[in-house]
Every structure is written in C-alpha cells, then in structure tokens.
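Engineer: Curious how this folds, go ahead:
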Amino acid sequence: MFPHLPSTSQLRTFEASARHLSFTRAAEELFLTQSAISHQINGLEELVQQKLFLRQNRRLILTSQGHEFLLIVRKVLPMLQRSVEKMREGNASKKITISTLPSIAATWLVSKLGRLRCAFPDIDLMVIASDTPDNFSSGDTVDFAINFSHPVSKDMWQRKIMDEYYLPVCAPSLLENSERPLRQPSDLAQHTLIHQDDTLGWNGWFSYYELNTVTPEHILSFSHGDLAIQAAIEGQGVALARRLMVQRALEQRNLIPLFNKPLPTRRKYMIITPQENVENTVMMDIIHWLSEEAAHDETIMKNSCY
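Structural biologist: Predicted coordinates:
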C-alpha cells in the first residue's frame with residue numbers, strides 16, 4: 001500500500017547524519033559502521049530520487065531538498081516514538097500527560113485536579129511543569145499542553161480556553177489607610193508601584209487609560225511575577241498582575257482589585273496538541289472539561305473585577 005516509504009532505520013540514520021553533518025559521528029551515535037550509514041543514505045537518496053547531502057572536502061552539507069526533508073523527519077520520528085511508548089504502556093487511554101507553565105500549574109490547574117480525577121476516575125494523570133510546554137518534540141510523551149501564548153502553527157490543533165487581562169491589585173490594609181486613599185488612579189501617586197518583568201506593565205496600563213501624568217511615590221521591581229504578587233499581599237505596594245495569577249488571592253480576599261480598569265492582552269490561554277492526538281477521545285473529553293472550568297472561572301472573575 002505504501003511502496004515508496006523509507007524505513008525507520010533510514011530516517012534515523014538521515015536525522016543523525018543531518019544533525020551532526022558527519023557520517024562518522026552518526027555511526028558512533030547509532031552504533032553502526034560508517035559504511036552502513038553511507039549505504040543507508042545512498043538507499044534513501046535513491047528512494048526519494050534526490051540528493052540529500054553534498055560531500056565537500058570531507059564535510060557534509062545538506063541540500064535544499066535535504067533541509068525540507070529534515071523538517072518532515074523531525075516531526076514524524078517523535079510522533080512514532082510517542083505512539084510506540086503509549087502502546088508499550090499497554091493502554092494508551094489510561095494515562096494522560098499534560099504539560100503547562102509552572103505558573104499555570106500552581107495557580108490554576110492543580111486546584112482542578114481533584115474534581116478532574118473524580119470526573120475521570122479510570123485515568124492516570126501526569127502534569128509536567130515546563131517553560132516550553134508546547135515542545136512536543138521533547139523526550140516527554142505529552143498529550144496536550146496549556147500555554148499562555150499567541151495562536152501557534154497551523155499544523156497543531158488548538159483551542160482558546162481563556163482570555164487574560166492585567167489588574168491593579170493591593171492588600172486590604174492599603175485600602176484602610178485614610179491618609180493615603182486608593183479610590184481613583186491619581187491616588188497611585190502616593191503609593192509604591194510594584195513592577196515585574198513582563199511585556200505589559202504599569203507603563204502599558206497608564207498609556208491604555210491615558211494616565212501618563214501620574215508619577216508614583218516609589219517603584220519596587222521584581223524579576224519574577226510570584227514575588228511581585230507576594231509583595232502586594234504583604235502590603236508593600238500596588239501590583240499590576242495577570243488575573244489568573246492572582247485568582248486565588250482575590251477569592252481569599254488577600255488582594256483587592258482596584259479602579260475597575262483591567263488591561264487586556266492579546267495573548268490567550270491555549271490548549272495545544274498535535275493534530276493526530278485529536279483522535280484520542282479520552283484526551284478530548286478532558287480538554288472539554290477543562291475548557292468548561294476555564295469559562296466558568298472567567299465569568300466569575302469578570303463579574304467580580306470589572
């Protein structure tokens with residue numbers, strides 16, 4: 001049915017040779033002889049009827065056709081690896097692996113896991129916290145990722161589950177200080193503004209609401225959002241924080257939203273998975289469950305913060 005497909009051995013040999021640009025180093029990695037590597041590449045080039053490498057002065061150079069083929073091979077091999085690993089586990093539908101940012105895992109996903117497990121009692125869940133959760137070519141066997149991002153490439157299945165916006169927030173103790181009120185944005189001139197490294201921040205908020213004449217009393221900066229939020233909880237100033245990151249603190253009244261002036265962002269919370277994973281009905285049921293949870297949370301937070 002597929003008479004012109006290369007063998008997986010040829011694909012692995014080609015990928016290793018292209019990565020190292022050396023038959024010798026590819027042979028060492030794959031525990032083959034250099035002659036065997038050369039023989040497999042020759043057979044692959046005959047099959048595709050294209051030169052994949054140029055040999056110049058003992059150096060390998062990928063041809064343009066080789067570059068294009070390498071992109072495809074680097075997608076196909078991880079897909080095959082994931083499928084084999086799932087089948088080796090005995091029942092692919094019994095385990096679902098979710099990859100997400102550490103911040104999303106800590107502030108949102110973990111709080112959902114108890115009810116998620118009750119809804120799917122026969123499923124084993126694994127959560128991977130990663131700074132690159134949608135890197136499906138990594139060694140981890142990931143079913144789907146939850147990321148805070150723009151829409152990704154068209155060859156991936158994706159669903160937006162939540163919008164995001166930034167909120168000015170402070171501890172209740174700051175609101176109780178009648179000498180330095182926080183009733184309107186101009187009152188920020190009497191307070192410390194807590195900054196964190198981000199593409200959006202206080203400068204973006206002031207610009208969005210045309211409040212560029214307000215100059216804060218002091219500035220307190222952090223390299224990490226969690227530290228900025230904790231400083232706000234401790235009453236050290238007013239922070240501008242992503243709504244999801246402060247959801248728990250708002251619910252517990254450790255932080256209070258100010259001014260009814262959220263700052264929207266173009267980035268969204270997205271669930272992402274390779275297109276072939278969509279056939280996994282258990283995974284899609286879990287994605288649907290999480291999407292409904294996200295929609296519910298977003299409605300509640302908008303009603304309480306806007």
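Engineer: from here on, contacts and neighbour counts on C-alpha atoms
Structural biologist: OK.
Engineer: count of neighbours near residue 107?
Structural biologist: By the criterion of other C-alpha atoms under 10 Å, residue 107 has 16 neighbours.
Engineer: Next, work out how far apart it and residue 129 are.
Structural biologist: Per C-alpha to C-alpha, to the nearest Å, residue 107 is found 12 Å from residue 129.
Engineer: surely residue 219 meets residue 196?
Structural biologist: No: Residue 219 is not in contact with residue 196 according to C-alpha atoms under 8 Å; the separation is 10.5 Å.
Engineer: between those two, who's got more neighbours?
Structural biologist: residue 196 (22 against 13).
Engineer: which one is that one nearest to, not counting chain neighbours?
Structural biologist: Closest residue to residue 196 apart from its sequence neighbours, by C-alpha to C-alpha, 6 or more residues apart in numbering: residue 222 at 4.8 Å.
Engineer: Ramachandran coordinates for residue 160?
Structural biologist: Backbone torsions for residue 160, taken as degrees, to the nearest 10, come to phi -80, psi 130.
Engineer: Quick check: beta-bridge partners of the residue nearest to it when sequence neighbours are not counted?
Structural biologist: Excluding its sequence neighbours, the residue lying closest to residue 160 (C-alpha to C-alpha, 6+ apart) is residue 270, at 4.5 Å. Counting by DSSP bridges, residue 270 is bridged to residue 147, residue 160.
Engineer: my guess is residue 270 meets residue 157, correct?
Structural biologist: No: if you go by C-alpha under 8 Å, residue 270 and residue 157 don't touch, sitting 10.1 Å apart.
Engineer: if you count what's nearby, which of these two comes out ahead?
Structural biologist: residue 270 (22 against 17).
Engineer: where exactly do the helices run in this structure?
Structural biologist: 8-20, 23-30, 34-48, 64-88, 102-104, 110-119, 172-175, 202-208, 225-233, 247-251, 281-305 (DSSP state H).
Engineer: who's in contact with the fifth one?
Structural biologist: The set of residues that contact helix 102-104 without belonging to it, under C-alpha atoms under 8 Å, 6 or more residues apart in numbering, is 129-131, 146-147, 244-245.
Engineer: Out of those, list just those in strands.
Structural biologist: Counting by DSSP state E, the contacts of helix 102-104 place 129, 146-147 in strands.
Engineer: out of these, who's nearest residue 118?
Structural biologist: Nearest to residue 118 among the ones in strands among the contacts of helix 102-104 is residue 146, at 20.6 Å by C-alpha to C-alpha.
Engineer: Tell me which residues touch the closest one, please.
Structural biologist: Neighbour list for residue 146: 98-101, 104, 133-134, 269-272 [criterion: C-alpha under 8 Å, 6+ apart].
Engineer: residues contacting residue 67?
Structural biologist: residue 52.
Engineer: any idea how far it is from residue 45?
Structural biologist: On the measure of C-alpha to C-alpha, residue 67 and residue 45 end up 13 Å apart.
Engineer: Mutual contacts of those two, please.
Structural biologist: Residues touching both residue 67 and residue 45 (C-alpha under 8 Å, 6+ apart) are residue 52.
Engineer: Give the burial count for residue 148, as a bare number.
Structural biologist: 20.
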